[in-house]
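Enquirer: Coordinates only, no sequence provided:
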Ligand code: GLN
């Protein structure tokens, strides 16, 4: 039973809690707001939904093939890339997502999202990836969970000074595999923000710090 006036999870663009801070999921965005899907199988989905809404996007969850309809952009959240990869296979989403991104769907992956986008991983054990970004990525490159850190990072194209970001058992790019991959930021020479065409990836989480400049640039690029 759902009490009157409630919003249920079945509302695809409900961002939990937004109504409690006075924002109506359906009504306070312009009709032409870009629709951005957040892959919602595992990971920090809510943080991305909120960041995207703060930036003026209609943020919706993507959990099945039908959810891919009508998207202007896609976000792959952080979390556990092995788990998300397995769930992508189970949901029948791995190949369709790969095709949509290869076809030009603007896509932004953070941390585990960057790992999933990578063409190659610097490890022996195979795991399902989308493979649409021409880099070889090393998982857990900065160390274990206890080695996670927050920092301020200068990113090419992001104005207004270094960005507040959080590296949580984060990867880095070990090797760039294609000539058209742009490295927009690095830590001690290790690429941590890369872009190739319609695909943007960060090794860190910009969605947990409240510094929305990368999300804002992504949303603005969809208008
Ligand atoms: N270490 C995780 C992985 O390999 C990624 C961590 C994260 O997304 N914060 O999938």
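Expert: Yep, it's here. Note that the coordinates shown come from a computational prediction; the quantities given were computed from them, not determined experimentally.
Enquirer: Now do residue 216, the pLDDT please.
Expert: Here the pLDDT value assigned to residue 216 is 97.
Enquirer: Which residues of this protein lie near the ligand?
Expert: The chain comes close to the ligand at residues 78-81, 111-112, 115, 139-140, 168-169, as judged by CB under 6 Å from any ligand atom. Backbone N, C-alpha and C define where each C-beta goes, glycine included.
Enquirer: Tell me the buried residues within those residues.
Expert: Neighbour-count burial (16 or more other CB atoms under 10 Å) applied to those gives 78-79, 81, 111-112, 115, 139, 168-169.
Enquirer: Sketch out the helices for this protein, chain order is fine.
Expert: Secondary structure of the chain (DSSP state H): helices at 45-54, 81-90, 94-102, 112-117, 213-221.
Enquirer: Looking at the ones you listed, which one is packed in the most?
Expert: The highest mean neighbour count among the helices of the chain, using mean count of other CB atoms under 10 Å, belongs to helix 112-117: a mean of 29.
Enquirer: Which neighbouring elements make contact with that one?
Expert: Helix 112-117 sits against strand 73-76, helix 81-90, strand 107-110, strand 133-138, strand 199-202, with contacts defined as 3 or more CB pairs under 8 Å, 6 or more residues apart in numbering; DSSP states H and E.
Enquirer: Mind listing residues that contact it?
Expert: 39, 43, 75-81, 84-85, 88, 101, 107, 109, 121, 129-133, 137, 139, 171, 194, 199, 201-203 (CB atoms under 8 Å, 6 or more residues apart in numbering).
Enquirer: ok, 7 Å please
Expert: Residues outside helix 112-117 that contact it (CB atoms under 7 Å, 6 or more residues apart in numbering): 43, 76-81, 84-85, 109, 121, 129-130, 132-133, 137, 139, 171, 199, 201-203.
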